[in-house]
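Novice: got a predicted structure plus its sequence, pasted below:
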Amino acid sequence: MMKMRGTSLFMPAFVLCFLLLLAGCGAGHDAAATSGTEPESESMPDEDDIVIGISQVGSESDWRTTNTKAYINTFTQEKGYYLIFEDGQQKQENQVKAVRKFILKGVDYIVLAPIVETGWDAVLKEARDAGIPVIIVDRNVSVEDESLYTCRVGSDLMQEGRNAGEWLADYLESRGRRNKKINIVTLQGTLGSTAQIGRTSGFAEVMEKHPNWNMLEYQSGDFTQAKAYEVMEYFLEKYDDIDVVICENDNMAFGAIEAIKEAGLKLGKNGDIILISFDAVRDALLLVQKGEIMADFECNPIIGPLVEETLQKLERGEPVEKVQYIDETYFDYRMDIESLLEEREY
Ligand code: GZL
């Protein structure tokens with residue numbers, strides 16, 4: 001049974017019944033993503049289950065789908081977990097509601113993938129007051145008091161941006177364009193998310209070393225293909241001399257590529273536009289193989305195992321690092337993507 005943290009076993013019966021009723025509303029083990037609108041499993045956690053409430057951003061991208069599967073495949077009933085999974089549908093208010101629901105149910109751990117960095121102080125204080133450890137996953141939170149969460153497990157998103165900038169510098173050098181004027185546009189992710197902030201600022205850091213690089217404009221495609229298509233159409237109507245397109249995730253690259261092709265422009269080494277992306281999901285790597293995406297900077301979504309390792313340390317009362325970054329790499333047009341894809345999980 002989940003620990004009724006901060007509640008006495010001798011609490012008034014009607015309150016305990018209310019909480020037990022709520023507890024029974026948890027989405028069952030191996031829960032599919034719930035948007036809070038689907039009927040929830042009637043199953044109850046077993047006596048010794050570790051009950052985990054996961055508040056996920058949404059299902060906006062291929063990356064997110066793989067990330068969600070990683071949690072569900074890691075925290076299974078067979079391994080002694082009871083997972084309550086809430087899909088935030090890309091709205092912070094839904095995630096805050098989910099955290100409050102987890103608190104009310106007295107879960108053992110809260111795992112939060114915050115859509116944006118700010119706006120979490122109050123609800124994280126409520127979780128701390130309820131004695132529930134919070135593990136931040138994927139993106140980060142920006143809070144006044146870092147003790148409001150136990151630790152974060154995710155990617156070094158600023159380093160991803162730096163890596164993309166350094167890759168572009170090397171590529172331009174190899175093409176004899178080291179000092180040539182280079183016009184760039186960027187399709188940013190969800191504004192205020194760590195992935196957007198990190199990738200934008202990491203790339204900007206490298207731009208400062210190249211005064212011949214000219215960032216024509218930033219616009220957010222919100223990490224979605226549809227929005228990115230519209231933004232890329234806007235860029236192509238406004239600028240007739242774009243050399244480089246930075247897409248802060250692969251789904252936006254898919255939308256941008258569609259618009260670029262419709263405009264009759266060519267992508268790749270001998271084309272009009274160099275396109276760089278982030279995530280390195282399978283469908284994007286196939287475009288790297290085709291040479292349409294020149295380079296793709298991996299953002300590893302399979303962080304479930306590292307989160308579990310961290311949670312088990314907490315269970316044993318062992319110290320954990322405040323931030324743990326997952327290993328990542330990149331792929332570009334020069335590589336044999338086909339053979340790399342054989343052993344890749346996503
Ligand atoms: C990155 C993650 C981002 C991905 C996008 O850590 O938060 O969110 O890059 C996803 O694909 O939508």
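Specialist: Received it, and whenever you're ready, just let me know what you need.
Novice: only C-alpha atoms from now on, for both contacts and neighbour counts.
Specialist: Will do.
Novice: so which bits of this structure are right by the ligand?
Specialist: Those residues of the chain that sit near the ligand, judged by C-alpha under 6 Å from any ligand atom, are E60, S61, W63, R64, D138, R139, S155, A195, F223, N249, D279.
Novice: what strand or helix carries the fourth one?
Specialist: Translated: R64. For R64, the element it lies in under DSSP states H and E is helix 62-74.
Novice: buried set for that helix?
Specialist: For helix 62-74, a neighbour-count test (16 or more other C-alpha atoms under 10 Å) marks D62, W63, R64, T66, N67, T68, K69, A70, Y71, I72, T74 as buried.
Novice: which strands and helices sit next to it?
Specialist: Using 3 or more C-alpha pairs under 8 Å, 6 or more residues apart in numbering; DSSP states H and E, the elements in contact with helix 62-74 are helix 304-315.
Novice: now with 10 Å?
Specialist: Applying 3 or more C-alpha pairs under 10 Å, 6 or more residues apart in numbering; DSSP states H and E, one finds that helix 62-74 contacts strand 50-56, strand 81-87, helix 250-262, strand 274-279, helix 282-290, helix 304-315.
Novice: report the mean confidence score over stretch 58-70.
Specialist: If you average the pLDDT over stretch 58-70, you get 96.
Novice: from the middle of its chain, how far away would that stretch be?
Specialist: 8 Å (C-alpha atoms, centre = their mean, to the nearest Å).
Novice: using TSV, lay out the helices and strands packed on helix 62-74 together with distance to K97.
Specialist: As requested, the helices and strands packed on helix 62-74 are exported to TSV (distance: least, C-alpha to C-alpha, whole Å):
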stretch	distance to K97
strand 50-56	9
strand 81-87	10
helix 250-262	28
strand 274-279	28
helix 282-290	33
helix 304-315	22
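Novice: of all these, which lies closest to E146?
Specialist: Relative to E146, the nearest member of these by C-alpha to C-alpha is helix 304-315, separated by 17.2 Å.
Novice: mind listing residues that contact the closest one?
Specialist: Applying C-alpha atoms under 10 Å, 6 or more residues apart in numbering, the contact partners of helix 304-315 are 50, 52, 67-75, 108-109, 111, 133, 135-137, 150-154, 316-321, 324-326.
Novice: got the angle for it vs strand 50-56?
Specialist: 140 degrees (axes from the mean of the first three to the mean of the last three C-alpha atoms, to 10 degrees).
Novice: now restrict the residues of the chain next to the ligand to buried residues only.
Specialist: Among the residues of the chain next to the ligand, the ones that count as buried by 16+ other C-alpha under 10 Å are S61, W63, R64, D138, R139, S155, A195, F223, N249, D279.
Novice: show me the chain divided up by domain.
Specialist: Following automatic domain parsing, the chain resolves into domains at 17-154+301-315, 157-299+332-343.
Novice: what distance separates the longest one from the centre of its chain?
Specialist: Which is domain 157-299+332-343. 18 Å.
Novice: start to end distance for that domain?
Specialist: Domain 157-299+332-343 stretches 24 Å from its first residue to its last (C-alpha to C-alpha, to the nearest Å).
Novice: model confidence over stretch 321-339, on average?
Specialist: 95.
Novice: now it: buried residues?
Specialist: Buried residues in stretch 321-339 (16+ other C-alpha under 10 Å): V323, Q324, Y325, I326, Y330, F331, D332, Y333, I337.
Novice: farthest pair in the residues you listed?
Specialist: Across the buried residues of stretch 321-339 (C-alpha to C-alpha), the longest gap, 32.1 Å, separates V323 and Y333.
Novice: for the chain, what spans make up the strands?
Specialist: 50-56, 81-87, 109-112, 134-137, 151-154, 182-188, 213-220, 244-247, 274-279, 295-298, 323-325, 330-332 (DSSP state E).
Novice: put the alpha carbons of stretch 126-146 into CSV.
Specialist: Provided in CSV are the C-alpha atoms of stretch 126-146 (Å, rounded to 0.1, in the frame of the first residue of the first chain):
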residue,chain,number,x,y,z
GLU,A,126,3.4,21.6,-1.2
ALA,A,127,5.2,18.4,-2.2
ARG,A,128,8.1,19.2,0.2
ASP,A,129,5.6,19.9,3.0
ALA,A,130,4.0,16.6,2.3
GLY,A,131,7.4,14.9,2.5
ILE,A,132,7.4,13.6,-1.1
PRO,A,133,10.7,13.7,-2.9
VAL,A,134,10.5,15.2,-6.4
ILE,A,135,12.8,14.1,-9.2
ILE,A,136,12.9,16.5,-12.1
VAL,A,137,13.4,14.8,-15.4
ASP,A,138,14.3,16.0,-19.0
ARG,A,139,13.9,19.8,-18.8
ASN,A,140,14.7,21.8,-15.7
VAL,A,141,12.9,24.0,-13.2
SER,A,142,14.1,27.5,-12.1
VAL,A,143,13.2,27.9,-8.4
GLU,A,144,14.3,30.2,-5.6
ASP,A,145,15.1,27.3,-3.4
GLU,A,146,16.9,24.3,-5.0
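Novice: mean pLDDT lowest for which of the domains of the chain?
Specialist: domain 17-154+301-315 (a mean of 87).
Novice: and that domain, how far from the chain's centre?
Specialist: That offset, for domain 17-154+301-315, works out to 14 Å (C-alpha atoms, centre = their mean).
Novice: please name the nearest non-neighbouring residue to the residue positioned nearest the centre of the chain.
Specialist: For the chain, D138 is the residue whose C-alpha lies nearest the centre (C-alpha atoms, centre = their mean; 4.8 Å). Computed as C-alpha to C-alpha, 6 or more residues apart in numbering, the closest residue to D138 that is not its neighbour in sequence is G154, at 4.2 Å.
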